[in-house]
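In: turn this into a structure:
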Amino acid sequence: MRRSLLIKDTTVSERAQIVREALGNGGDCEGIDMDDLYDDYIYGLKELAEINMEFSLKHAGSVKAGEMEEPSGCVMK
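Out: Numbering: from 1, shown residues only. Okay, here's the model as predicted:
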């Protein structure tokens, strides 16, 4: 059974663990500190979906697949 990731269903320490597990060892992605990106989720200010949507809107189209030499490795697990 999948557990809820919503702020109302998790504690600060659980949310920090969720982010750590999702990012794995890679807390840096193309110059963006991913740990800092998810602080608002960890501290209960924004849901993961809100943060991911804002990130997508801000960075959409800034990197084109044909221009990348290698995959960036920016993947949440």
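In: so where is this protein shaky, pLDDT-wise?
Out: Counting by pLDDT under 70, the chain has low-confidence residues at 1, 25-35, 61-77.
In: can you show me the helices along this structure?
Out: Per DSSP state H, the chain carries helices over the ranges 12-23, 34-37, 39-42, 48-59.
In: can I get those helices in TSV with mean neighbour count?
Out: Any C-beta I mention is one placed from the backbone N, CA and C, and that applies to glycine too. TSV is the format used below for the helices of the chain (neighbours: other Cβ atoms under 10 Å):
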stretch	mean neighbour count
helix 12-23	15
helix 34-37	14
helix 39-42	18
helix 48-59	12
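In: and the gap between the closest residue to F55 other than its chain neighbours and R2?
Out: Closest residue to F55 apart from its sequence neighbours, by Cβ to Cβ, 6 or more residues apart in numbering: L37 at 6.7 Å. Look at L37 and R2: by Cβ to Cβ, to the nearest Å, they are 23 Å apart.
In: I'd say the residue nearest to F55 and E50 touch.
Out: No - if you go by Cβ atoms under 8 Å, L37 and E50 don't touch, sitting 11.7 Å apart.
In: then stretch 45-54 to CSV, C-alphas only?
Out: Provided in CSV are the C-alpha atoms of stretch 45-54 (Å, rounded to 0.1, in the frame of the first residue of the first chain):
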residue,chain,number,x,y,z
LEU,A,45,4.6,25.3,3.3
LYS,A,46,4.0,23.8,-0.2
GLU,A,47,3.0,20.3,-1.4
LEU,A,48,5.4,18.4,-3.7
ALA,A,49,3.1,18.8,-6.6
GLU,A,50,3.1,22.6,-6.2
ILE,A,51,6.9,22.8,-6.1
ASN,A,52,7.3,20.5,-9.1
MET,A,53,4.8,22.5,-11.1
GLU,A,54,6.5,25.8,-10.3
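In: for it, which outside residues touch it?
Out: Applying Cβ atoms under 8 Å, 6 or more residues apart in numbering, the contact partners of stretch 45-54 are 5-7, 37-38, 40-41.
In: distance between the ends of stretch 37-49?
Out: 12 Å (Cα to Cα, to the nearest Å).
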